[in-house]
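# sequence-free structure coming up:
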């Protein structure tokens, strides 16, 4: 958006007689409470949905009565503003976040404009587990009637069930119909003899792919000839497979269209499911396995087809890297959180494309019993690989399946602790990936003595380390008492009369915990030296560019 366009929007907002359900002004001259910001995000997103608006506006740096610009110093650094997107996403339904955050430097001061997307149809937006709305200008809980009104949107229209008036059976692919029959009989073996007696029209009705002999969008997506895709235009039914090398350069690609029932096998055949060879650790690990469980690839692909938001007119993408597969489809993640899906292990109450999902279930393409995602997690567990990563930002669902061990300590933990629950493994997976733990996850893992350390630098706990043969790794992560470092510095200076900073670094560097990076080690040593100086134990007799630390007692001895 151009500066001129932003100025016009700001002027139109300021010209409103008062704030309303989709416009909120805040002075925020210095800062603003993050939790309250999140509540306003939830409220404005839900109200935009209820008012039929594509988005709402939250504006910082403008007072809310006369709408005068007063200027805001909220997160003055651009990188801090941009990080707000992921911070908000981490606490909202479906990881919904800002469309964009704009800055305007007006003569009267800086204005920050948050463009907040409307809650998706059928899914009210919660912040930190609570739904918020607006009562005129006031922030308030979203009432039950409004929650149900938004949820009801998911059931009012099913894009995938719409009839395609001009299409006929001739627009469907014969090979695709034959495979559909085969899959249907495998799914419902008790009907196998009946299926063979049905003509195509009867079979498609019985499998709930057509409606009373009429071709649906679902029929075109799953069984349509390649040239029949125009019937669902401007929607697309295509999967793009892209192969990248270790440096991220494109090596090969393919775009595969209708019928999707055949496209899954074509994409699967493109993926190089190579052998992964383990670093042996006694008899813990197998010699080798396929990088990816075939079920995981097909399940992820079929989920993309079933849950794609075809009204957004985009493609499904499969990106193959050396050590991971990335699947993306457009639309929000309807269950809200992966943890919820895995924990409850139950079918969803709502589907974006109910008719399509039902047809795919009948054709043995998806598992609507709710266990598909959990199976993928368990297949990763069996390989001692990281758990799948899910990202719901940017209006799409992104799934990353790793094809290698990320952290050998984590892999040993899984191998030697078969009694860990899947939920515990998912929490520990965050630790190995250095991801932020929720307060509940932190307390739970510490309570079980599975982790130690301080946020965000957790490491495997001592009991687990002893059980899994990671005693040395534990000791490398466990810091010594501060007095150990202080005494070590003092002893070394006494022995050598003086030490330069680089010599002190060399003395302590490898004795500091393994989780520390170079910057953190520098800061730690700075703090130790500063504490010793303040306690009058050491003094710097060098220059700003070349330090020379000596003991205060030694210096006094020289004077005497």
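Looks like it came in fine. Computed from a predicted model, the values in this text were never measured in an experiment.

# how about the spatially most central residue of the chain, what does it touch?
For the chain, the residue nearest the mean C-alpha position is residue 391 (2.6 Å; CA atoms, centre = their mean). Residues near residue 391 by CB atoms under 8 Å, 6 or more residues apart in numbering: 95, 397-398, 400. To be clear about C-beta, it is placed using only N, CA and C from the backbone, and glycine gets the same treatment.

# Of the residues you listed, which pair is most distant in space?
95 and 400 (14.4 Å; CB to CB).

# Neighbour count for the two, which is higher?
Here residue 95 and residue 400 are compared on neighbour count by other CB atoms under 10 Å; more neighbours surround residue 95, at 21 against 18.

# Distance of that one relative to residue 89?
According to CB to CB, to the nearest Å, residue 95 stands 4 Å off from residue 89.

# is the residue nearest to the centre of the chain in a bridge, and if so with what?
Beta-bridge pairing of residue 391 under DSSP bridges involves residue 398.

# outside of stretch 265-285, which residues touch it?
Against stretch 265-285 from outside (CB under 8 Å, 6+ apart): 239, 241, 243, 254, 256, 286-292, 294, 297-298, 301, 318, 320, 325, 383-384, 403-405, 408, 411-412, 415-416.

# Could I have the buried ones of those as PyMOL selection syntax?
Buried residues within the contacts of stretch 265-285, by 16 or more other CB atoms under 10 Å, are selected in PyMOL with:
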select buried, resi 239+241+243+256+289+291+292+297+298+301+318+320+325+383+384+403+405+408+411+412+415+416
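
# Just the contacts of stretch 265-285: which are in strands?
Among the contacts of stretch 265-285, DSSP state E puts 239, 241, 243, 254, 256, 288-290, 318, 320, 325 in strands.

# in the stretch 301-450 of the chain, which spans are strands?
With strands called from DSSP state E, counting those that start in this stretch, the stretch 301-450 of the chain shows them at 316-320, 324-330, 389-391, 396-402.

# By mean pLDDT, show me the worst of these.
Least confidently modelled of these is strand 389-391, at a mean of 89 by mean pLDDT.

# so how far is it from its chain's centroid?
4 Å (CA atoms, centre = their mean, to the nearest Å).

# can you pull the contacts of the spatially closest residue to residue 512 that is not a sequence neighbour?
Using CB to CB, 6 or more residues apart in numbering and skipping the chain neighbours, the partner closest in space to residue 512 is residue 521 (5.1 Å). Residue 521 sits next to 505, 508-509, 512 when contact means CB under 8 Å, 6+ apart.

# tell me which residues in the strand or helix carrying residue 521 are buried?
Assigned by DSSP states H and E, residue 521 belongs to helix 518-534. Residues of helix 518-534 classed as buried: 521, 524-525, 528-529, 532 (neighbour count, 16+ other CB under 10 Å).

# Throw those residues into TSV and include distance to residue 57 and pLDDT, thanks.
Shown next, in TSV, are the buried residues of helix 518-534 (distance: CB to CB, whole Å; pLDDT from 0 to 100):
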residue	distance to residue 57	pLDDT
521	45	85
524	44	87
525	48	91
528	49	90
529	50	92
532	53	91
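
# coming back round to it: and which of the ones in strands among the contacts of stretch 265-285 is nearest residue 105?
Within the ones in strands among the contacts of stretch 265-285, the smallest distance to residue 105 is 42.8 Å, found for residue 318 (CB to CB).

# from memory that closest one sits against residue 238, does it?
No - the pair residue 318 / residue 238 is not scored as a contact, 11.2 Å apart, by CB atoms under 8 Å.

# and the gap between residue 325 and residue 377?
For residue 325, the distance to residue 377 - CB to CB - is 15 Å.

# so for stretch 61-73, what's the average pLDDT?
The model assigns stretch 61-73 a mean pLDDT of 93.

# Run through who's touching that stretch.
13-16, 19, 24-31, 60, 74, 106, 108-112, 137.

# just the buried members of those?
Taking 16+ other CB under 10 Å as the criterion, what is buried in the contacts of stretch 61-73 is 13-14, 19, 24-28, 60, 74, 109-112.

# Show me which pair in the residues you listed is furthest apart.
Farthest pair in the buried ones among the contacts of stretch 61-73, by CB to CB: 19 and 110, 20.2 Å.

# Any figure for the gap between the closest residue to residue 389 other than its chain neighbours and residue 495?
Excluding its sequence neighbours, the residue lying closest to residue 389 (CB to CB, 6+ apart) is residue 400, at 4.2 Å. According to CB to CB, residue 400 and residue 495 sit 52 Å apart.

# could you pull out the strands for the stretch 51-200 of the chain?
Using DSSP E, counting those that start in this stretch, the strands found in the stretch 51-200 of the chain span residues 55-60, 100-106, 109-117, 126-127, 130-135, 138-141.

# looking at those, which is closest to residue 43?
Nearest to residue 43, of all the strands of the stretch 51-200 of the chain, is strand 130-135, at 3.9 Å by CB to CB.

# For that closest one, give me every contacting residue.
Contacts of strand 130-135 (CB under 8 Å, 6+ apart): 21, 39-40, 42-44, 46-47, 50, 124-126, 139-143, 146-147.

# right, and the residue nearest to residue 389 touches residue 325 too?
Yes - under the criterion of CB under 8 Å, residue 400 is in contact with residue 325, at a separation of 7.3 Å.

# next helix or strand past the helix or strand of the chain with the lowest mean pLDDT?
Using mean pLDDT, DSSP states H and E, the weakest-scoring helix or strand in the chain turns out to be helix 471-477, at a mean of 46. Using DSSP H and E, the helix or strand that follows helix 471-477 towards the C-terminus is helix 482-496.

# Check which residues of the following helix or strand past that next one are buried.
Note on helix 482-496: by DSSP H and E, the next helix or strand toward the C-terminus is helix 501-508. Residues of helix 501-508 classed as buried by neighbour count (16+ other CB under 10 Å): 501, 503-504, 507-508.

# With respect to residue 447, which of those is nearest?
Taking the buried residues of helix 501-508 together and measuring to residue 447 by CB to CB, the closest member is residue 508, at 32.5 Å.

# any idea how far residue 526 is from the closest one?
For residue 508, the distance to residue 526 - CB to CB - is 11 Å.

# for residue 239, same thing?
Applying CB to CB, the value for residue 239 to residue 526 is 53 Å.

# Please apply the same query to residue 105.
When residue 105 is compared with residue 526 (using CB to CB), they lie 36 Å apart.

# ditto for residue 54
For residue 54, the distance to residue 526 (CB to CB) stands at 50 Å.

# quick one: contacts of stretch 82-91?
Under CB under 8 Å, 6+ apart, the answer for stretch 82-91 is 34, 37-38, 41, 75, 95-98, 101, 127-128, 392-393, 436.

# Those residues in helices, which ones?
34, 37-38, 41 (DSSP state H).

# can you pick the most crowded of the residues you listed?
Of those, with other CB under 10 Å as the count, residue 41 tops at 26 neighbours.

# contacting residues for it?
Each residue near residue 41 by CB under 8 Å, 6+ apart is listed here: 58, 88, 92, 98, 114, 116, 125, 127.

# The third one pairs with what?
Taking DSSP bridges as the rule, residue 92 bridges to residue 127.

# residue contacts, residue 455?
437, 442.

# Next: the one 3 residues further on.
If a contact means CB under 8 Å, 6+ apart, then residue 458 has 431, 437, 442, 445, 451-452 as its contacts.

# do that again at 10 Å, thanks
428, 430-432, 434, 437, 442, 445-446, 450-452, 477, 515 (CB atoms under 10 Å, 6 or more residues apart in numbering).

# ok, the nearest residue to residue 128 once chain neighbours are set aside to residue 21 distance?
Excluding its sequence neighbours, the residue lying closest to residue 128 (CB to CB, 6+ apart) is residue 91, at 4.8 Å. Per CB to CB, residue 91 is found 22 Å from residue 21.

# any idea which of the contacts of residue 41 has the most stuff around it?
When neighbours are taken as other CB under 10 Å, the top entry among the contacts of residue 41 is residue 116 (29 neighbours).

# Residue 385 is in contact with residue 290, correct?
No - the pair residue 290 / residue 385 is not scored as a contact, 11.2 Å apart, by CB atoms under 10 Å.
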